[in-house]
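J.: missing the sequence, but the structure's below:
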């Protein structure tokens with residue numbers, strides 16, 4: 001899968017879904033990989049080049065809970081914020097758990113900073 005140039009997410013799973021993605025190439029995306037609202041993503045062989053946020057996990061809709069993502073074979077270059085992970089979410093990259101670095105991510109993602117100001 002290839003995505004080049006988007007002011008939104010390259011790949012996104014949400015609302016209690018399960019997704020597997022392989023051979024992912026994302027360039028110049030506001031957000032590369034997003035798992036939200038109790039979704040579970042497994043990604044193999046991903047390259048993210050250029051963009052705002054590389055990988056994010058968060059709750060957008062309060063009726064859902066934290067999400068999870070497992071990424072094997074991740075390469076990132078020219079990414080402003082590699083990981084934006086909400087408290088309670090579970091992210092593993094190449095076998096290493098990435099600790100949450102935000103209490104709430106939604107408001108930060110949907111502000112002007114990451115290019116998604118018009119989306120709610």
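T.: Received it, and whenever you're ready, just let me know what you need. Keep in mind that this is a model prediction, so the values were computed, not measured. Numbering: from 1, shown residues only.

J.: just checking, residue 74 touches residue 44?
T.: No. Judged on C-beta atoms under 8 Å, residue 74 makes no contact with residue 44 at a distance of 9.4 Å. All C-beta spots, glycine's among them, are computed from the backbone N, C-alpha and C.

J.: If you count contacts, what does the helix or strand bottoming out on mean pLDDT in the chain end up packed against?
T.: Scoring the helices and strands of the chain by mean pLDDT, DSSP states H and E places helix 106-109 at the bottom, with a mean of 83. For helix 106-109, the contact count by 3 or more C-beta pairs under 8 Å, 6 or more residues apart in numbering; DSSP states H and E identifies strand 40-58 as packing neighbours.

J.: where along this protein do the strands fall?
T.: Remark: strands assigned in the chain by DSSP state E are 2-13, 18-36, 40-58, 68-85, 90-93, 96-98.

J.: Now the shortest one: buried residues?
T.: Of the residues in strand 96-98, those scored as buried under the neighbour-count criterion (16 or more other C-beta atoms under 10 Å) are residue 98.

J.: Residues in contact with that strand: which ones?
T.: Contacts with strand 96-98, where a contact means C-beta atoms under 8 Å, 6 or more residues apart in numbering, come from 55, 83, 85, 90, 91, 92.

J.: out of everything not next to it in sequence, what's closest to the fourth one?
T.: When you say that, I think you mean residue 90. Leaving aside its chain neighbours, residue 90 sits nearest to residue 68 (4.1 Å; criterion: C-beta to C-beta, 6 or more residues apart in numbering).

J.: OK, contacts around the one you found?
T.: Per C-beta under 8 Å, 6+ apart, neighbours of residue 68: 35, 39, 40, 41, 57, 89, 90, 91.

J.: try residue 59
T.: Per C-beta under 8 Å, 6+ apart, neighbours of residue 59: 36, 37, 38, 65, 66, 67, 86, 88, 104, 105, 106.
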